[in-house]
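Asks: let me see the structure of the following:
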Amino acid sequence: MRQVMTLAAEEFQEGLRNRWVISSALLLACLAFSLALLGTSPIGESRVSALSVTTVSLASLSVYLLPLIALTLSYDSIVGERERGTLLLLLTYPISRWQVICGKFLGHFAIIAVAIVLGYGATGVYLAISSSAGYDEWLLFTAMLGSSLLLGSAFIALGYLISVAAPSRATAAGVAICTWLFMVVIYDLLLLGLVLSSAGENVDSDLFSALLLFNPADIYRLFNLAGSDAASLVSGSLGTLESSFLSPGLLMAVLFLWVAAPLLASIWIFKRHEL
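Replies: Numbering: from 1, shown residues only. Model prediction:
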């Protein structure tokens, strides 16, 4: 375990040297403050608080931004070191290959966690001072932070899977971009095309709900935009989860599997990969 934590600390320090932590936190903070200011603008009477509006807006933004940051962090973690020749040197030390994957993963997770907590947490402090919100609204905000960590972790794990399987750094970069584009944009367009092509007659609601579970970005969207009454009221998705077998607990369990499965697959491939 000491080797894993040492490698994680090294990855985090490298993120600090490359300004990843600072730039990611500043980017998230600037966007979050912009959404918070828009959410607190006086536009008439509303049944929801500024915190709820900001939380849903942040979730809508995070589903595009966090996967991109996570994939950019992790896509060259293994293949990049292999091309630079430092991976062989690393493996000469008393450390196993699964410890390399886990240590690097924890380091990149720490970068994402710091960026989310600092970026979104600063906005939460601002809203706590400038507006009033109840327990449910703060619970919604906290759930958004936690699910954002899981979403970032899932795409970090996908980045490692790409990194251990790609033959070169350039190939890994191309696959990472295609993965982000498919998961965040194209997958939903395909589902929409499926529904429109059959006019909804041949697409069972349970089948459609099951298809959503094959995309971590959609799981995140559902959890934050329809996982509670407050979020559903703001996002206009009332009744979305009630009409399916999906529940917030199931969504989080499957999102956790999206973290574990690619990470375990990365370890399995890396152990059998000839350097």
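
Asks: OK, contacts around Leu66?
Replies: Residues in contact with Leu66 (CB atoms under 8 Å, 6 or more residues apart in numbering) are 112, 116, 148, 151-152, 155. Every residue, glycine included, has its C-beta placed from N, CA and C.

Asks: may I see the residues you listed organised as CSV, with neighbour count added?
Replies: What follows is those, written out as CSV (neighbours: other CB atoms under 10 Å):
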residue, neighbour count
Ile112, 26
Ile116, 25
Ser148, 26
Leu151, 28
Gly152, 29
Phe155, 30
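
Asks: what's the farthest-apart pair in the residues you listed?
Replies: Spatially, the most separated pair among the contacts of Leu66 is Ile116 and Phe155, at 13.0 Å (CB to CB).

Asks: next one: the host helix or strand of Thr55 to chain centre, how far?
Replies: Assessed by DSSP states H and E, Thr55 sits inside helix 50-74. For helix 50-74, the distance from its own C-alpha centre to the chain's C-alpha centre is 8 Å (CA atoms, centre = their mean, to the nearest Å).

Asks: downstream of that helix, the next helix or strand is which one?
Replies: Per DSSP H and E, the first helix or strand lying C-terminal to helix 50-74 is helix 79-84.

Asks: pLDDT of that following helix, averaged?
Replies: The average pLDDT within helix 79-84 is 87.

Asks: can you give me the buried ones in the helix or strand just after that helix?
Replies: For helix 79-84, the following helix or strand on the C-terminal side (DSSP H and E) is helix 86-91. Neighbour counts over helix 86-91 (16 or more other CB atoms under 10 Å) mark Leu87 as buried.
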